[in-house]
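**Student:** Fold the stuff below for me.
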Amino acid sequence: MARYTGPKCRLCRREGTKLYLKGEKCFTSKCPLEKRPYPPGVHGRAKARAKKSVYGEQLREKQKVKRIYGVLERQFSRYFEIAQNMPGNVGENLLSLLESRLDNVVYRAGFAHSRSMARQLVSHGHVLVNGKKVDIPSYLVKPGDVVSLKEKIRENIEVKKAMEWRRKSPSALPTWLELLNDYEVKVIRTPQRSDITYPINERLIVEFYSKF
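**Tutor:** Numbers count the residues shown, from 1 in each chain. I've put the predicted structure just below:
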């Protein structure tokens, strides 16, 4: 399945909640979901009023989390399989794995204003892990890893904008990351369920996959 390349705001409207795919815009009145809080399309208002089935709710929750983290169906299913083989709660394990992706760390560190921008930074070789280039967005970081930006990309206009946004909202940095300097963070522990503030009901995702 190809990665979605259309308007990102349509995804938020489809899921009926902010997925924070457009950076600072998501926190302003310019967010389309503020003006049109119903699914896109000519039948969008009717869909918003229609009652979802149990399966429909489970499917939408899975799709929502996939879109938040920008992963494809096969990748998401693979993460779920890994989560099942880990000790502890499967749903919480799944979210911890998604949070541990390198592109998510770059985003959560404030180096990028969205996960799609973070994924691009990683793919283009602008990100270092423990001083070595890693260009795989799905790379899973572990406690003790230091993630940083190469010096050349630090002067990029979009990176500077993202950094400025982080300076305005220092509380946005999750507690499982430690800011070493403006362009370097350290993973001090594995992300936990309490670190994720998005409106996610992982139980529905577990129930969805239990049908197969």
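**Student:** Residues touching stretch 195-202, excluding its own?
**Tutor:** Contacts of stretch 195-202 with the rest of the structure, by C-beta atoms under 8 Å, 6 or more residues apart in numbering, involve 17, 20, 61, 64-65, 68, 91-92, 94-95, 99, 174-176, 193. Every C-beta, even on glycine, is put in place using the N, C-alpha and C of the backbone.
**Student:** correction: stretch 122-138
**Tutor:** By C-beta under 8 Å, 6+ apart, stretch 122-138 touches 71, 75, 101-103, 106, 111, 118-119, 121, 139, 141, 145-150, 152-153.
**Student:** cool, stretch 150-169 as well?
**Tutor:** In contact with stretch 150-169 (C-beta under 8 Å, 6+ apart) are residues 23-24, 109-113, 117, 121, 125-128, 133, 149, 172-173, 182-183.
**Student:** when you check the contacts of stretch 122-138 against the helices, which ones overlap?
**Tutor:** Counted as lying in helices by DSSP state H, out of those, are 75, 102-103, 106, 118-119, 121.
**Student:** which of the contacts of stretch 195-202 count as buried?
**Tutor:** 17, 20, 61, 64-65, 68, 91-92, 94-95, 99, 174, 176, 193 (16 or more other C-beta atoms under 10 Å).
**Student:** Show me where the protein has its helices.
**Tutor:** 8-15, 32-35, 44-49, 54-69, 73-84, 90-99, 102-108, 115-123, 157-168, 202-209.
**Student:** in this structure, what secondary structure element scores lowest on mean pLDDT?
**Tutor:** helix 44-49 (a mean of 58; mean pLDDT, DSSP states H and E).
**Student:** In this structure, where is pLDDT below threshold?
**Tutor:** By pLDDT under 70, the low-scoring segments of the chain are 1-38, 41-50, 170-171.
**Student:** So which residue is dead centre in it?
**Tutor:** residue 69 (3.1 Å; C-alpha atoms, centre = their mean).
**Student:** care to break this structure down by domain?
**Tutor:** Under the assignment automatic domain parsing, the domains of the chain span 8-98+196-209, 102-189.
**Student:** sorry, back to before: identify the residue spatially nearest to the residue nearest to the centre of the chain, adjacent ones excluded.
**Tutor:** residue 98 (4.7 Å; C-beta to C-beta, 6 or more residues apart in numbering).
**Student:** What count of nearby residues applies to that neighbour?
**Tutor:** For residue 98, the neighbour count with other C-beta atoms under 10 Å is 24.
**Student:** Repeat that for residue 157.
**Tutor:** Other residues close to residue 157 by other C-beta under 10 Å number 7.
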